[in-house]
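*Asks:* quick one, fold the following:
(one chain, ligands or ions: 1)
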Amino acid sequence: MDIQQFELRKREHIDQALDPRNQAVGRTRLEEIHLSHEALPDLDFDELSIAESCFGRELATPFFVAGMTMGHPDAASLNELLAIACQERGWVMGVGSQRRQLEGRSLPGESARLRRSAPRALLVSNLGISQVITAKTSEIRSIVDELEAQALVVHLNPLQEALQPEGTPQFRGGFAALERLVRELEVPVLVKETGSGMSARTLEKLAQVGVAAVDVSGLGGTHWGRIEGARAPAASRGSQAAQVFSEWGESTVDSVLAAREALLKTAHPRYCIWASGGVRNGLDAAKLMALGAERVGYAQPALQAAMGGEGVLHRWMEQQEFELRVALFCTGCATPAELRKKEGVWSRGRS
Ligand SMILES: Cc1cc2nc3c(=O)[nH]c(=O)nc-3n(C[C@H](O)[C@H](O)[C@H](O)COP(=O)(O)O)c2cc1C
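*Replies:* Residues are numbered from 1 along each chain as shown. So this is what the prediction gives:
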């Protein structure tokens, strides 16, 4: 694929992600989760703290911006805006796939510029599993180093790769490649889905690999089957299949619960559970924390807010933080850690 085609594809991804038809609305199953109301919390609102540590660093929030697009001119300014805001507010920032950098075809100095714009941000590098399977650890290390990233996340997107005409659905050897990376890379290795979630079986295997965190990125928000379907020529094989698979995936709620179960079954070092996929407000985030998520992320809503400029982005982030505090107060929990531990704080029923 040449550079123009690549940039066009990335722009199409942004446009399509902002189209509500490509959001699997109502499929997170968060509507089924009820947090029990504490009418007399033994707390003052002002004493609540949403600060949480991440990779040895204390951050002001338990949120992250999930990795989005890198590698084309429009993305650079959006990423800088997001990175600076994440640094100021204490959010983790995942960058988009750095595959192009691995192939030596990135915009010159893109990562270094992003790092210079937010020198204190906790940044997470991003590569797809098919690139990780074929690349040398030294090549991956240089990508992490150029961004001065604190961690690397490897994304899993089998549905998208299978539907995309130019996709790379070569995942054989993925678990072994992850094991090698965990052993050889100096920074923590995370794994994420991209909006189709993870089953208990996948999560049990990931628990054995020794990754530091798993972002389940479940069904209920941005859906790559729908996006690739919208990009495919009408009536093509890809567009028809995309309709068939337009609801494909494990919900964000089921994925987090499966991640928790998988941890109970493994004797290996535990991964942190991160959750994204259809998280659209601070109450959604609080519910996922009650289910066990240690960090909760947003992709499409963060992109949408960033497109409104710095002021809109900060107001949107502050809103998420405020809503999480309200949820903590009304469940009688002073911190997200208390919410995760509180017996009986959540229940599940039909909405
Ligand atoms: C425009 C856009 C580009 C994305 N690019 C990447 C990517 O390069 N790497 C990745 O791991 N995930 C990527 N994602 C997936 C997100 O990180 C996230 O897993 C998914 O969008 C679900 O979250 P959401 O429902 O909040 O959007 C992208 C998402 C969007 C909206």
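*Asks:* in contact with the spatially most central residue of the chain: list those residues for me.
*Replies:* Against the mean C-alpha coordinate of the chain, by C-alpha atoms, centre = their mean, the closest residue is A66 at 3.6 Å. Applying C-beta atoms under 8 Å, 6 or more residues apart in numbering to A66 gives the contacts G94, K192, D215, S217, S276, G297, Y298, A299, A302. (Glycine included, C-beta is placed from N, CA and C.)
*Asks:* okay if I get those residues as CSV plus secondary structure and distance to the ligand?
*Replies:* What follows is the contacts of A66, written out as CSV (DSSP: H, G, I helix; E, B strand; the rest coil; distance: C-beta to the nearest ligand atom, whole Å):
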residue, secondary structure, distance to the ligand
G94, strand, 6
K192, strand, 5
D215, strand, 7
S217, coil, 4
S276, coil, 5
G297, strand, 7
Y298, strand, 5
A299, coil, 3
A302, helix, 7
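*Asks:* quick one: which of those residues is nearest Q4?
*Replies:* A299 (25.1 Å; C-beta to C-beta).
*Asks:* now for the contacts of A66: which two are most distant?
*Replies:* Farthest apart among the contacts of A66 by C-beta to C-beta are K192 and A302. That separation is 14.9 Å.
*Asks:* got the phi and psi for the residue of the stretch 101-250 of the chain found nearest the ligand?
*Replies:* Closest residue of the stretch 101-250 of the chain to the ligand, C-beta to the nearest ligand atom: G221 (1.9 Å). Here is the backbone geometry of G221 (degrees, to the nearest 10): phi -130, psi -130.
*Asks:* confirm P165 sits in a strand?
*Replies:* No. Read with DSSP: H, G, I helix; E, B strand; the rest coil, P165 is coil and lies in no strand.
*Asks:* so what's it closest to, chain neighbours aside?
*Replies:* Nearest in space to P165, with sequence neighbours left out and distances taken as C-beta to C-beta, 6 or more residues apart in numbering, is G238 at 6.2 Å.
*Asks:* how about the one you found, secondary structure?
*Replies:* The three-state label given to G238 by three-state DSSP is helix.
*Asks:* that one and I227 touch, don't they?
*Replies:* No. Assessed by C-beta atoms under 8 Å, G238 is found out of contact with I227, at 11.2 Å.
*Asks:* who has more neighbours out of those two?
*Replies:* I227 (24 against 17; other C-beta atoms under 10 Å).
*Asks:* tell me the buried residues in the host helix or strand of the more buried one?
*Replies:* Using DSSP states H and E, I227 sits in helix 224-231. Using 16 or more other C-beta atoms under 10 Å as the test for burial, helix 224-231 gives W224, G225, R226, I227, E228, G229, R231.
*Asks:* could you pull up the residues touching the fifth one?
*Replies:* Neighbouring residues of E228 by C-beta under 8 Å, 6+ apart: Q160, L163, Q164, G238, A242.
*Asks:* same deal with the first one?
*Replies:* Contacts for W224 were tallied using C-beta under 8 Å, 6+ apart; they are N157, L159, Q160, L163, T194, G195, S196.
*Asks:* my read: the fourth one touches Q243, true?
*Replies:* No. The pair L163 / Q243 is not scored as a contact, 10.7 Å apart, by C-beta under 8 Å.
*Asks:* now do the shared contacts for those two.
*Replies:* When C-beta under 8 Å, 6+ apart defines a contact, the residues bordering L163 and Q243 alike are G229.
*Asks:* and the two? which has more neighbours close in?
*Replies:* More neighbours surround L163 than the other of L163 and Q243, with 25 against 11 (other C-beta under 10 Å).
*Asks:* wait, what's in contact with the more buried one?
*Replies:* L163 is in contact with W224, G225, E228, G229, A232, G238, A241, A242, F245, counting by C-beta under 8 Å, 6+ apart.
*Asks:* same thing but at 6 Å, please
*Replies:* Taking C-beta atoms under 6 Å, 6 or more residues apart in numbering, we find L163 in contact with E228, G238, A242.
*Asks:* sort these by pLDDT and name the bottom one.
*Replies:* Of all these, G238 carries the smallest pLDDT score, 88.
*Asks:* ok, back up a step: and the pLDDT for the residue nearest to the centre of the chain?
*Replies:* On pLDDT, A66 comes in at 98.
*Asks:* what of G104?
*Replies:* Reported pLDDT for G104: 82.
*Asks:* give me phi/psi at it?
*Replies:* Torsion angles at G104 (phi, psi; degrees, to the nearest 10) stand at phi 70, psi 20.
*Asks:* which positions in the stretch 251-351 of the chain make contact with the ligand?
*Replies:* Contact residues, the stretch 251-351 of the chain versus the ligand (C-beta under 6 Å from any ligand atom): S276, G277, G278, V279, Y298, A299, Q300, L303.
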